[in-house]
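**Student:** got a sequence here, can you model it:
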Amino acid sequence: MKKLTIPKSVVQEMMKNDFFSQWLGIEVMDVTEGTCKLKMRIKKDMLNGFGIAHGGIAFALADSALAFAANSRNKKSLVLDANISFLAPVKEHDQLYATATEVNITNRTGIYNISVTNQDDKLIAVFKGIVFRKSENWFPDQE
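**Tutor:** Residues are numbered from 1 along each chain as shown. The predicted model follows:
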């Protein structure tokens with residue numbers, strides 16, 4: 001396996017058992033070491049009593065982008081802390097995009113910023129996540 005294929009291979013492996021991301025309809029648009037871009041469409045069963053998307057939907061999309069970006073370097077990584085600020089409402093049929101960017105990485109932790117935008121490139125939410133990087137690799141034979 002070439003180094004350039006590790007991020008995609010890791011995300012493929014993660015998605016096999018990520019039934020929640022599958023249920024959300026998340027599609028991986030791009031993944032490289034330390035970054036990830038996802039997209040998904042808002043369905044009626046994602047709306048709350050106000051007729052807008054439940055905040056947990058944008059959070060879940062951003063959390064998946066965080067997970068894929070953090071694990072893309074072949075180190076199994078788990079979230080330690082995450083927070084989100086909601087900036088605009090999301091409606092049924094909106095297309096959301098989550099873009100995760102690595103801010104800082106050490107042997108044990110990583111910090112990521114995730115922006116969530118809609119089909120009009122309007123910023124919907126900003127998310128920050130901190131992960132713990134385990135010593136275990138997704139693909140032990142690859143460094």
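
**Student:** which parts of this protein are strands?
**Tutor:** Ranges of strands within the chain are 27-32, 35-41, 75-86, 95-105, 109-117, 123-137, based on DSSP state E.

**Student:** mind putting the ones you listed in JSON lines, mean neighbour count, distance to N17 and mean pLDDT included?
**Tutor:** (Each C-beta comes from the backbone N, C-alpha and C, glycine too.) Formatted as JSON lines, those follow (neighbours: other C-beta atoms under 10 Å; distance: least, C-beta to C-beta, whole Å; pLDDT from 0 to 100):
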{"stretch": "strand 27-32", "mean neighbour count": "15", "distance to N17": "15", "mean pLDDT": "98"}
{"stretch": "strand 35-41", "mean neighbour count": "20", "distance to N17": "17", "mean pLDDT": "98"}
{"stretch": "strand 75-86", "mean neighbour count": "15", "distance to N17": "13", "mean pLDDT": "98"}
{"stretch": "strand 95-105", "mean neighbour count": "18", "distance to N17": "20", "mean pLDDT": "98"}
{"stretch": "strand 109-117", "mean neighbour count": "21", "distance to N17": "22", "mean pLDDT": "98"}
{"stretch": "strand 123-137", "mean neighbour count": "17", "distance to N17": "16", "mean pLDDT": "98"}
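
**Student:** any chance of those in TSV, plus distance to I6?
**Tutor:** Converted to TSV, the strands of the chain look like this (distance: least, C-beta to C-beta, whole Å):
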stretch	distance to I6
strand 27-32	10
strand 35-41	13
strand 75-86	10
strand 95-105	15
strand 109-117	16
strand 123-137	9
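
**Student:** out of these, which is closest to V11?
**Tutor:** V11 lies closest to strand 27-32 among the strands of the chain, at 5.0 Å (C-beta to C-beta).

**Student:** I'd say H54 and K44 touch.
**Tutor:** No. Between H54 and K44 there is no contact under C-beta atoms under 8 Å: 11.7 Å.

**Student:** comparing the two, which residue is more hemmed in?
**Tutor:** H54 (16 against 8; other C-beta atoms under 10 Å).

**Student:** beta partners of L96?
**Tutor:** For L96, the beta-bridge partners are M40 (DSSP bridges).

**Student:** list the contacts of it.
**Tutor:** Contact analysis of L96 by C-beta atoms under 8 Å, 6 or more residues apart in numbering lists K39, M40, R41, I42, A58, L61, V90, V116, T117, N118, I124.
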